[in-house]
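A.B. asks: Need a 3D model of the sequence below.
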Amino acid sequence: MSPFFVMSLLLGLIFGQTASLCAPSEYTIHVEKRECAYCLAINTTICAGFCMTRDSNGKKLLLKSALSQNVCTYKEMLYRTALIPGCPHHTVPYYSYPVAVSCKCGKCNTDYSDCVRDRLRTNYCTKPQKLCNL
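C.D. replies: Numbers count the residues shown, from 1 in each chain. This next block holds a predicted model:
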């Protein structure tokens, strides 16, 4: 092995976490309720990006705590609420959604994150669309 390759490998292992690219990213959520006349397109920020992961080939030999499966997740977030237009008086026309303020590489918390890959693309409108910019 060349000295350059070995040095690159060592630096990658030492500073791997700093090479992670995890940051707030713009995202549009489409929200509709069956009772309401419109679909609402909400511009927000989510955490997205790449995090360094250490996963051993010998998983059965190691404790689960020795494995590291980091994901790009919320470090700090807040919730905002939007009004869905065209709703009848008997329905609740509000929708609360998360806004990423800052992100980090860490364990996925199922209390506020979907920790599995999206299998179905459902982020679209079936009704006339209104745009919400908060």
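A.B. asks: Can you show me the strands along the chain?
C.D. replies: 21-32, 39-50, 71-83, 94-106, 129-132 (DSSP state E).
A.B. asks: And the second one, what's buried?
C.D. replies: Neighbour counts using 16 or more other C-beta atoms under 10 Å place Cys39, Leu40, Ala41, Ile42, Thr44, Thr45, Ile46, Cys47 of strand 39-50 among the buried residues. C-betas here are computed from N, CA, C, even on glycine.
A.B. asks: got a list of what the fifth one touches?
C.D. replies: Neighbouring residues of Thr44 by C-beta atoms under 8 Å, 6 or more residues apart in numbering: Glu26, Tyr27, Thr28, Ile29, Arg80, Tyr97, Pro98, Val99, Ala100.
A.B. asks: ok, 10 Å please
C.D. replies: With contacts defined as C-beta atoms under 10 Å, 6 or more residues apart in numbering, Thr44 is in contact with 24-29, 80, 82, 97-100, 132, 134.
A.B. asks: Spatially nearest residue to it, not counting backbone neighbours?
C.D. replies: Excluding the flanking residues, the one nearest Thr44 by C-beta to C-beta, 6 or more residues apart in numbering is Val99, at 5.2 Å.
A.B. asks: one step back: rank the strands of the chain by pLDDT, which is bottom?
C.D. replies: Among these, strand 129-132 has the lowest mean pLDDT, at a mean of 70.
A.B. asks: Quick check: nearest residue in space to Gln129, chain neighbours excluded?
C.D. replies: Nearest to Gln129 is Cys39, by C-beta to C-beta, 6+ apart, at 4.9 Å.
A.B. asks: Tell me if I'm right that the one you found and Cys87 touch.
C.D. replies: No. Look at Cys39 against Cys87 with C-beta atoms under 10 Å: they stay out of range, at 11.8 Å.
A.B. asks: Overlap in contacts, these two.
C.D. replies: Common neighbours of Cys39 and Cys87 (C-beta under 10 Å, 6+ apart) are Lys33.
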